[in-house]
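# Need the 3D shape of this:
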Amino acid sequence: MKKLPLISLLCLLAACSGRASTDYPEWRWPDKEPAEEEPAAEPWPAITALGWKNVTSSYPGTVCANIYRSPAEIGGIKTVAYIAVAPLDKVQWDVRSIDDPTIQGTSDQLKTPSDYYNGTGAPVIINGGYFFAESGKRYNASVAVSGGRFYGVNINYASMDWVTMYYPTRGVFYQDAGANPACGWTYWSGGATHYLYDEPAANSWSKDPLPAPDASFPATARDFSPMTAIGGGPVLLKDGKTVNSWEAELFYGNGADDKMPQERHPRTAIGITPEGLLILFVCEGRGMTEGVAGMTFAEEAEVLKSLGCSDALNLDGGGSSCMLVAGTETIKPSDGTQRPVGSVVILKAK
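Here you go, the predicted model:
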């Protein structure tokens, strides 16, 4: 027989209390006022001290991270931004991606973050690295690694006119087995060799191309074979220092003419603190909320540094920027609807 909860029994007794009958035994346990629940302690008070509001309770089912909404202004700039904050000992971050490990293109379809949510049920999802589509195929332009398997690599050449060729190192956020995540720069030679560096090749569209990276240039290389990784760029923070290496990574055409890095747009980023807190960041922009333009790379880097990140990587932004929490959008995508993307970063409880 299904048992009624105690409160149901009490309600039944109260409803019958007016009956002049001795059919019911005297209630032997005194009624107790329900104890007032203590409010949950704020797990990361340094974040709320900056004006970020813990809104995790607005997203039922989010058990692996705390979700915060930005103050209405950051540094005098009207802002709509969200972060997901999760300790690495309680959370697993992973990557889902189209399968294009050698930039040869794939018939895999691009998916929206909601499509990825429907396939994974991951409590937190953000868009991942860069991608493009051409001649009926889809291509990854950024590293994507899950379980040690490559689904994408960073592009290994760039040109303004397809005559003069450059060989940029591009940013990556990666994790080796048994280590905390970190940022670095990679170069894939086109074969089995994949290099990882602690500094970028100092390329610039306004200078002659540098040599193709190798085992000793731009620094001593390590073999790049992570368990999990997502590419993008630029690297915003490395070892606690602001680097914002968009010029060296050869983003956005001629740096002397193209001001996009200094313009405000929607942004997505991933970072790590020295204590092992993973932080996923997304900010709205392009006027989806009145007066909210977004952030420059420099402003994005400053926010992540203020949140305690030592390493942080910018991911694909603009119309791709999106964060889902328990399947619900946080910011308003600047395309008006979610853009199908090549990869996403997911969080789930261990």
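# What distance do you get for the closest residue to residue 293 other than its chain neighbours to residue 173?
Spatial nearest neighbour of residue 293, excluding adjacent residues (C-beta to C-beta, 6 or more residues apart in numbering): residue 264 at 3.9 Å. For glycine as for every other residue, the C-beta is placed from the backbone atoms N, C-alpha and C. Distance of residue 264 to residue 173, given as C-beta to C-beta, to the nearest Å: 23 Å.
# Compare neighbour counts for the two and give me the winner.
residue 173 (30 against 18; other C-beta atoms under 10 Å).
# What strands line up against the host helix or strand of the more buried one, and which way round?
Assigned by DSSP states H and E, residue 173 falls within strand 170-175. In the sheet, strand 170-175 lines up against strand 182-188 (antiparallel), strand 228-231 (antiparallel) (DSSP bridges).
# Quick one: mean pLDDT for that strand?
The average pLDDT within strand 170-175 is 98.
# Touching that strand from outside, list them.
Under the contact criterion C-beta atoms under 8 Å, 6 or more residues apart in numbering, strand 170-175 has outside partners 93, 142-143, 145, 154-155, 181-187, 196, 200, 224, 226-235, 245, 249, 270-272, 311-314.
# one step back: out of the strands paired with strand 170-175, nearest to residue 61?
Residue 61 lies closest, by C-beta to C-beta, to one member of those: strand 228-231, at 23.4 Å.
# Show me the strands in the stretch 151-300 of the chain, by range?
With strands called from DSSP state E, counting those that start in this stretch, the stretch 151-300 of the chain shows them at 170-175, 182-188, 194-197, 222-223, 228-231, 235-238, 241-242, 267-272, 277-283.
# Relative to residue 321, which of those is closest?
strand 267-272 (4.6 Å).
# What number of residues are in the vicinity of the nearest residue to residue 202 once chain neighbours are set aside?
Once flanking residues are discounted, residue 202 sits nearest to residue 248: 5.2 Å by C-beta to C-beta, 6+ apart. Residues contacting residue 248 under the criterion other C-beta under 10 Å number 25.
# correct me, but residue 248 touches residue 204?
Yes - using C-beta atoms under 8 Å, residue 248 makes contact with residue 204 at a distance of 7.1 Å.
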